[in-house]
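Asks: quick one, what's the 3D model for this:
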Amino acid sequence: ITGGDIMAIIKRYADRDWVLRAIHESIYGIIDGSIENISNDKATYVRDYAFYQHQNLTTADFPAATSVGNYSFYKCPVLTSVNTPSVTSIGAFSFKGCSSLTSANYPMATTIGQGTFDECVALSSMNLPLMTVIEPLTFRKCEALTTVDLPVATSIGTQAFYNSGITSLTLRSDTVVALENEDAFYFTPIEDGTGYIYVPSDLVNSYKVADGWSTYANQIMAIA
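Replies: Residues are numbered from 1 along each chain as shown. Sure, this is the predicted structure:
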């Protein structure tokens, strides 16, 4: 049985953080939880669960890393800054519950796992210019996130912006972005009529009648 098999079993039958951490540490080893700042200019990736629930970690600097693993910084409550400019892939729930993280700047990232920034309540800015698929739960409960610009997005997953602060979503793709479920915008200003979705002018009417998007027809406008 592999480490991955063990993690899958535990996550299926026991949804408790302490259980996940114990199994993680038995497989991957322990990284000192008292660390406040981590910097490594040689590492090419940040492994799964690397800084899982580290209570004191405030900054992380991995300039050469090209991937961030699943649960890498899961629930690091005082993490404010992560510098990974070369990352192309971000794992599932990597930053879930990082309640002090204020920005997500990944100019090279093309893939992202589900729930990556779930419950990042202080996240106020994001830069994902190459991201095509916005997975389920990606920005759920990001209360400070008000403005999102997705230049090449092709799909948005269920509850992607659920209960977030989004007031302005700009979609620049030259075809209608697939919306997996209208609940992507539940409990947001877009749902209550005070937020707007901006799309290319020649696609406005197509969005207004498209599956899922039709629910927000009154909030769909042309990019100025």
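Asks: wait, isn't Leu128 in contact with Thr111?
Replies: No: counting by C-beta atoms under 8 Å, Leu128 does not reach Thr111; the two are 10.5 Å apart. Quick note: C-beta positions are derived from backbone N, CA and C, even for glycine.
Asks: ok, and the helix or strand in this protein with the lowest average confidence?
Replies: In the chain, no helix or strand scores lower on mean pLDDT, DSSP states H and E than helix 17-28, which sits at a mean of 47.
Asks: and stretch 44-61, how far apart are its ends?
Replies: In stretch 44-61, first residue to last residue: 12 Å (C-alpha to C-alpha, to the nearest Å).
Asks: swap that for stretch 144-157, please
Replies: End to end - C-alpha to C-alpha - stretch 144-157 spans 20 Å.
Asks: again, but for stretch 58-77
Replies: End to end - C-alpha to C-alpha - stretch 58-77 spans 8 Å.
Asks: contacts only, for the residue nearest to Ile35 when sequence neighbours are not counted.
Replies: Spatially, and ignoring its direct neighbours in sequence, Ile35 is nearest to Leu57 (5.9 Å; C-beta to C-beta, 6 or more residues apart in numbering). Leu57 makes contact with Ile35, Glu36, Asn37, Ile38, Phe51, Phe73, Cys76, Val78, Leu79 under the criterion C-beta atoms under 8 Å, 6 or more residues apart in numbering.
Asks: narrow these to those that are buried.
Replies: Among those, those classed as buried by 16 or more other C-beta atoms under 10 Å are Ile38, Phe51, Phe73, Cys76, Leu79.
Asks: can you tell me which of these lies nearest to Thr175?
Replies: Using C-beta to C-beta, Phe73 is the member of the buried ones among the contacts of Leu57 that sits closest to Thr175, with 33.8 Å.
Asks: any figure for the gap between the closest residue to Glu135 other than its chain neighbours and Val133?
Replies: Spatial nearest neighbour of Glu135, chain neighbours left out: Gln114 (4.0 Å); criterion: C-beta to C-beta, 6+ apart. Distance, Gln114 to Val133, using C-beta to C-beta, to the nearest Å: 10 Å.
Asks: rewinding a little: my read: the residue nearest to Glu135 touches Phe93, true?
Replies: Yes: at 7.4 Å, Gln114 and Phe93 qualify as touching, with contact defined as C-beta under 8 Å.
Asks: sorry, back to before: which of Leu128 and Thr111 has more neighbours?
Replies: For Leu128 versus Thr111, the count of surrounding residues by other C-beta atoms under 10 Å is larger for Leu128: 24 against 14.
Asks: measure that one to Ser72 for me?
Replies: In terms of C-beta to C-beta, Leu128 sits 17 Å off from Ser72.
Asks: same thing with Ala109?
Replies: 14 Å.
Asks: cool, Thr147 as well?
Replies: 26 Å.
Asks: who's more crowded, these two?
Replies: Ser72 (28 against 14).
Asks: so what's that one up against?
Replies: Val46, Arg47, Asp48, Tyr49, Ala50, Phe51, Tyr52, Gly91, Ser94, Phe95.
Asks: who's more crowded, Gln114 and Val133?
Replies: Set side by side, Gln114 and Val133 show more neighbours around Gln114, with 21 against 17, by other C-beta under 10 Å.
Asks: now do that one against Arg140, distance only.
Replies: If you go by C-beta to C-beta, the gap between Gln114 and Arg140 works out to 10 Å.
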